[in-house]
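Peer 1: Build me a structure from this.
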Amino acid sequence: MYRRCGFRYEKKLRTLGIIRIAGIDEAGRGALAGPVVAAAVILPEKFRHRKLKDSKQLLPELRQEIYDELVSRDDIIWSIGVVDSIEIDQINILRATHKAMRFALDGLSGPPDHVLIDGLPVSPFPLPQTAIIDGDRISLSIAAASVIAKVTRDRLMREFCARFPEYCFGQHKGYGTELHLIKLHEHGPSPIHRRSFEPVAQPLLALEGII
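Peer 2: The predicted model follows:
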């Protein structure tokens, strides 16, 4: 059953005396190119927003509008963490995602008392956590993090598009769309492709004459 995005988890923690609560989410975990980006966000206790929800459910224009509002407010504390494609290949995407999350937490002005994480528990993790499946649809704190992470990563991918226009990163943001796969097979992997990912590895092997 669908639950409206709200403060249910945050309110429960506050009844236990836990006040400084951060939501954390990532963008780009499933992409074939570019970094994974995590955001950590601490919202004020009385925060309300009628439009904020999981970034994947928002049109780009509304997502940008909400992002601009979130990052401009003095009462919202936020930070991002970025791990690039080279390190993703070195340590794997799961560890890279968790590392980006820790970077995001380190960038906050002081550590939170508790962290709400979208998805499964992160281990090891430096702070008390609550993992919430589909948390970006349930928790406003996680939804805010999802918007900031998504908009930040999309901006990075547009910058990469200017450097590598032949891959059309501005259109697919590095995900495995039909257009992206066509460009990957036409040009081979770029410097920001994740070479440990199967759809990227196959064109790379073909270029090297292994297959």
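
Peer 1: Going along the chain, name the helices of this protein.
Peer 2: Counting by DSSP state H, the chain has helices at residues 8-15, 60-72, 85-91, 93-106, 135-138, 140-163, 169-172, 178-187, 198-207.

Peer 1: and those as JSON lines, adding mean neighbour count and mean pLDDT?
Peer 2: Yep, even glycine has a C-beta here, placed from its N, CA and C like the rest. Below are the helices of the chain laid out as JSON lines (neighbours: other Cβ atoms under 10 Å; pLDDT from 0 to 100):
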{"stretch": "helix 8-15", "mean neighbour count": "15", "mean pLDDT": "95"}
{"stretch": "helix 60-72", "mean neighbour count": "15", "mean pLDDT": "96"}
{"stretch": "helix 85-91", "mean neighbour count": "18", "mean pLDDT": "98"}
{"stretch": "helix 93-106", "mean neighbour count": "20", "mean pLDDT": "97"}
{"stretch": "helix 135-138", "mean neighbour count": "23", "mean pLDDT": "92"}
{"stretch": "helix 140-163", "mean neighbour count": "23", "mean pLDDT": "97"}
{"stretch": "helix 169-172", "mean neighbour count": "19", "mean pLDDT": "97"}
{"stretch": "helix 178-187", "mean neighbour count": "15", "mean pLDDT": "92"}
{"stretch": "helix 198-207", "mean neighbour count": "15", "mean pLDDT": "65"}
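
Peer 1: of all the ones you listed, which lies closest to Ala38?
Peer 2: Smallest distance to Ala38 across the helices of the chain (Cβ to Cβ): 3.8 Å, for helix 93-106.

Peer 1: so who does Leu184 touch?
Peer 2: By Cβ atoms under 8 Å, 6 or more residues apart in numbering, the contact set of Leu184 is Leu32, Tyr167, His193, Pro199, Val200, Pro203.

Peer 1: coming back round to it: with distance to Val36 added, can I get the helices of the chain in a markdown table?
Peer 2: As requested, the helices of the chain are exported to a markdown table (distance: least, Cβ to Cβ, whole Å):
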| stretch | distance to Val36 |
| --- | --- |
| helix 8-15 | 24 |
| helix 60-72 | 18 |
| helix 85-91 | 6 |
| helix 93-106 | 5 |
| helix 135-138 | 15 |
| helix 140-163 | 8 |
| helix 169-172 | 15 |
| helix 178-187 | 17 |
| helix 198-207 | 15 |
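
Peer 1: And the ones you listed: which comes nearest Asp54?
Peer 2: The minimum distance between Asp54 and the helices of the chain falls on helix 135-138, with 4.0 Å, by Cβ to Cβ.

Peer 1: Give me the contact list for the closest one.
Peer 2: Contacts of helix 135-138 (Cβ under 8 Å, 6+ apart): 2-3, 5-6, 8-9, 23, 25, 53-57, 116-119, 132, 142-143, 145-146.
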